[in-house]
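1. can you look at this prediction? I've put the sequence above it.
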Amino acid sequence: MSKRPNFLFFMADQLRPDHLGCYGNAMVRTPSIDRLAERAWIADRFQVASPVCMPNRATLVTGRMPSLHGVRGNGYGLALRANTFVEVLRRAGYRTALVGKSHLQNITGLAPLLPREPRERERGEAQFADSGRYDQESAPLWRRDAGCEVDLPYYGFDTVRLSIGHGDDAEGHYRRWLRAQRADADTLIGRANALPTPDIELSRCGQAWRTRLPETLYPTSWCAEEAVACLDAFARADAPFFLLCSFADPHHPFTPPGRYWSMYEPQRMALPHSFQAPHCRPPRQVRLLWQERDEGRARKDTHDAFACTEREAREAIALNLGMITCIDDAIERVLEALARLGLDGRTVVAFTSDHGDLMGDHQLLLKSPIHYQGLIRAPFLWRDPDLARPGRSGALAGTLDIARTVLARAGAPAYNGMQGVSLLPLIEGTSRHTRKALLVEQESQRTIPGFEPPMRMRTLVTARHRLTVYEEDDDGELYDLDADPDELDNLWESPQHAGIRATLLHALACAMISHAETSPFPSARA
């Protein structure tokens, strides 16, 4: 393969693979992504390192698990001293740019949730905070300071154009651009200014609203426009590039603009099989969420998962698909620019997301520390101009592998402490060797039904099973994904599967050891 290709990476937020046509969804319209997939290598078993935005995005750029890079959950900024594969490319002569959602630092500007007592916070930390700015993606700061900017390079990116937040009410460079386009911009965005939608149940709890923004002014369209501008600049430079085009959709709140709002009819949306199927020994937090809904106590106005009705699930799926088609149209604009500039013949194009969404699975919406496949799987497409023929693989792969794969394709060395493996042998078809298991980590400082915060859990995914354990808890989960792909029958307490559980627990312990820190190198002698 030719060395030093360009890279164009598309990333969506909270998009599950089975909501794309190339992964078998017959309802959604994603012609651009599907055409990309026709010439791409497709990973069918692509697992995230953590089904939470910040930890998994930090894993993507560092090639390290959350327990090592320190972004254990949302709200922990990635250390400014952290090495990233983007920085390696930059030092190797690549021009690097990020447009859209970054989320490598805290976007809310809120103080830590834990510990709750001020006296405990005054005791200090085991590690001193790095010097430097950890407020560079703070939406409140961007609102207050008209001159707020990012210090460059930013985790290896020489150019950064930020869209901070979700839905139509995003901050950062996007909001400044929007106000430059329309003097009345602030009257077009947000739930308070939305068009009436009395027929949409999710609008009552603030999880959906019909934006007054036209399609051309929506954050997804802006992100594509910024990506095209970067490509125009790259085409004039005598250097390879890495461009991350990161869409903040289809994350909730669901606010697809214009025609995308009504593109899909909720009543025509099929519910997941697990919505109505009987469950055997479901996890405790799932049972408690069902109970809250049935007793009229469900919290539906937060970022956390809640048990939904059939109507709410169909609405969420329809609006979510509208946002995905909006992204697909934006991707088409960027790919057309890539071809127009004569760059497509030497550019690797990839597509992924940071994690999935429950989207009605097991009668649940949004996300929570519940490692069903709808949350921990993501799409991954890799179209390489030097790839002899496209392919599809069911081998275990994941976000942890992206950094090594990009560096290997660029002919740049991986650094000590980087984890994961290069997927190039699988992509090129030179090897079918696959790993035996993948580790998924999650910690949450939020209140989770049935658990005292902070809640910590670890999951091991093998070719056949998914095992999940919780800190200081006798409960766990074990599913045979071959016999039970919808994860309806929890085998954790099954006497017939005690041997498999013991084997997988040992494999989980081994996986956690193998993902322990190796950086920096030790001295020759202690």
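-> Arrived safely, thanks for sending. Numbers count the residues shown, from 1 in each chain.

2. what distance separates stretch 302-318 from the centre of its chain?
-> 19 Å (C-alpha atoms, centre = their mean, to the nearest Å).

3. that stretch: end-to-end distance?
-> 20 Å (C-alpha to C-alpha, to the nearest Å).

4. can you list contacts of that stretch?
-> 200-202, 207-208, 252, 254, 264-269, 271-272, 275, 289-290, 292-294, 298-300, 358-360, 363-368, 370, 446, 448 (C-beta atoms under 8 Å, 6 or more residues apart in numbering). For every residue, glycine as well, the C-beta is placed using N, CA and C.

5. I'd like to know which elements the helix or strand hosting Arg161 is packed against.
-> In this assignment (DSSP states H and E), Arg161 forms part of strand 159-164. Judged by 3 or more C-beta pairs under 8 Å, 6 or more residues apart in numbering; DSSP states H and E, strand 159-164 is in contact with strand 95-100, strand 171-172, helix 173-181, helix 219-235.

6. CA atoms only: put it into CSV for me.
-> Output of strand 159-164 as CSV, limited to C-alpha atoms (Å, rounded to 0.1, in the frame of the first residue of the first chain):
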residue,chain,number,x,y,z
THR,A,159,-7.2,23.6,13.1
VAL,A,160,-10.3,23.3,15.3
ARG,A,161,-13.8,24.5,14.6
LEU,A,162,-16.1,23.5,17.4
SER,A,163,-19.8,22.8,17.7
ILE,A,164,-20.4,22.4,21.5
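
7. follow-up on the earlier one: only the buried subset of the contacts of stretch 302-318, as a PyMOL command please.
-> Of those, the buried ones can be selected in PyMOL as follows, counting by 16 or more other C-beta atoms under 10 Å:
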select buried, resi 200+201+202+207+208+252+254+264+266+269+272+275+289+290+292+293+298+300+358+359+360+363+364+365+366+367+368+370+446+448
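
8. so which of the contacts of stretch 302-318 belong to helices?
-> The helices, defined by DSSP state H, take in Phe275, Leu289, Trp290, Glu292, Arg293, Asp294 from the contacts of stretch 302-318.

9. so what sits opposite the spatially closest residue to the third one that is not a sequence neighbour in the bridge?
-> Spelled out, it's Trp290. Take Trp290 and drop its neighbours on the chain: the residue closest to it by C-beta to C-beta, 6 or more residues apart in numbering is Ala307, 4.9 Å away. On the basis of DSSP bridges, Ala307 is bridged to Leu364.

10. tally of neighbours for Ala307?
-> 22 (other C-beta atoms under 10 Å).

11. ok so, going back, could you single out the nearest of the ones in helices among the contacts of stretch 302-318 to Thr62?
-> Distances from Thr62 to the ones in helices among the contacts of stretch 302-318, taken as C-beta to C-beta, are shortest for Leu289 (32.7 Å).

12. contacts only, for that closest one.
-> Ala298, Ala305, Phe306, Ala307, Leu364, Ser368, Pro449.

13. any chance of the ones in helices among the contacts of stretch 302-318 in JSON lines with distance to Gln181 and pLDDT as columns?
-> Shown next, in JSON lines, are the ones in helices among the contacts of stretch 302-318 (distance: C-beta to C-beta, whole Å; pLDDT from 0 to 100):
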{"residue": "Phe275", "distance to Gln181": "41", "pLDDT": "98"}
{"residue": "Leu289", "distance to Gln181": "41", "pLDDT": "96"}
{"residue": "Trp290", "distance to Gln181": "45", "pLDDT": "97"}
{"residue": "Glu292", "distance to Gln181": "43", "pLDDT": "96"}
{"residue": "Arg293", "distance to Gln181": "41", "pLDDT": "96"}
{"residue": "Asp294", "distance to Gln181": "47", "pLDDT": "96"}
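
14. which of those residues sits closest to Leu319?
-> Closest to Leu319, out of all of the ones in helices among the contacts of stretch 302-318 and judged by C-beta to C-beta, is Phe275, at 17.1 Å.

15. OK, contacts around that closest one?
-> Contacts of Phe275 (C-beta under 8 Å, 6+ apart): Glu310, Ala313, Gly360, Asp361, His362, Gln363.

16. and the first one, what pLDDT?
-> Put plainly, it is Glu310. Per-residue confidence (pLDDT) for Glu310: 98.

17. low-confidence bits of the chain, can you list those?
-> The chain contains residues with pLDDT under 70 at 1-2, 111-123, 525-526.

18. residues touching Tyr372, list them.
-> Contacts of Tyr372 by C-beta under 8 Å, 6+ apart are Leu358, Asp361, His362, Glu487.

19. which one of these is nearest Asn193?
-> Using C-beta to C-beta, Leu358 comes nearest to Asn193 of the contacts of Tyr372, at 28.7 Å.

20. isn't that closest one up against Gln373?
-> No. Using C-beta atoms under 8 Å, Leu358 makes no contact with Gln373, being 10.2 Å away.

21. please report how far the residue most central in space within the chain lies from Leu271.
-> Taking C-alpha atoms, centre = their mean, the centroid of the chain lies closest to Asp354, which sits 1.2 Å from it. In this view, Asp354 and Leu271 are 25 Å apart by C-beta to C-beta, to the nearest Å.

22. C-alpha coordinates for stretch 455-473, PDB please?
-> Extracted as PDB, the C-alpha positions of stretch 455-473 are listed here (Å, rounded to 0.1, in the frame of the first residue of the first chain):
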ATOM      1  CA  MET A 455     -21.100   3.000  39.900                       C
ATOM      2  CA  ARG A 456     -18.300   1.000  38.300                       C
ATOM      3  CA  MET A 457     -18.700  -1.900  35.900                       C
ATOM      4  CA  ARG A 458     -16.600  -4.000  33.500                       C
ATOM      5  CA  THR A 459     -17.700  -6.100  30.500                       C
ATOM      6  CA  LEU A 460     -15.900  -8.700  28.500                       C
ATOM      7  CA  VAL A 461     -17.200  -9.500  25.000                       C
ATOM      8  CA  THR A 462     -16.100 -12.700  23.200                       C
ATOM      9  CA  ALA A 463     -17.100 -14.100  19.900                       C
ATOM     10  CA  ARG A 464     -20.000 -15.800  21.600                       C
ATOM     11  CA  HIS A 465     -20.600 -14.300  25.000                       C
ATOM     12  CA  ARG A 466     -21.000 -11.000  26.900                       C
ATOM     13  CA  LEU A 467     -20.100 -11.000  30.600                       C
ATOM     14  CA  THR A 468     -20.700  -7.900  32.800                       C
ATOM     15  CA  VAL A 469     -19.700  -7.500  36.500                       C
ATOM     16  CA  TYR A 470     -20.400  -4.600  38.900                       C
ATOM     17  CA  GLU A 471     -18.200  -3.300  41.700                       C
ATOM     18  CA  GLU A 472     -19.200  -4.700  45.200                       C
ATOM     19  CA  ASP A 473     -22.200  -6.500  43.800                       C
END
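
23. pull out the buried positions in that stretch.
-> Quick answer for stretch 455-473 (16+ other C-beta under 10 Å): 455-462, 465-470.

24. then stretch 25-32?
-> Asn25, Val28, Arg29, Thr30, Ser32.

25. residues contacting the second one?
-> The contact partners of Val28, taken as C-beta under 8 Å, 6+ apart, are His19, Leu20, Gly21, Tyr264, Leu321, Ile324, Thr325.

26. and the closest residue to Glu265 other than its chain neighbours, how far is that from Ala277?
-> Setting aside the residues directly before and after it, Glu265 is nearest to Ala318 in space (C-beta to C-beta, 6+ apart), at 6.3 Å. In this view, Ala318 and Ala277 are 22 Å apart by C-beta to C-beta.

27. so these two - more neighbours on which side?
-> Neighbour tally, Ala318 and Ala277, criterion other C-beta under 10 Å: the higher count belongs to Ala318, 23 against 10.
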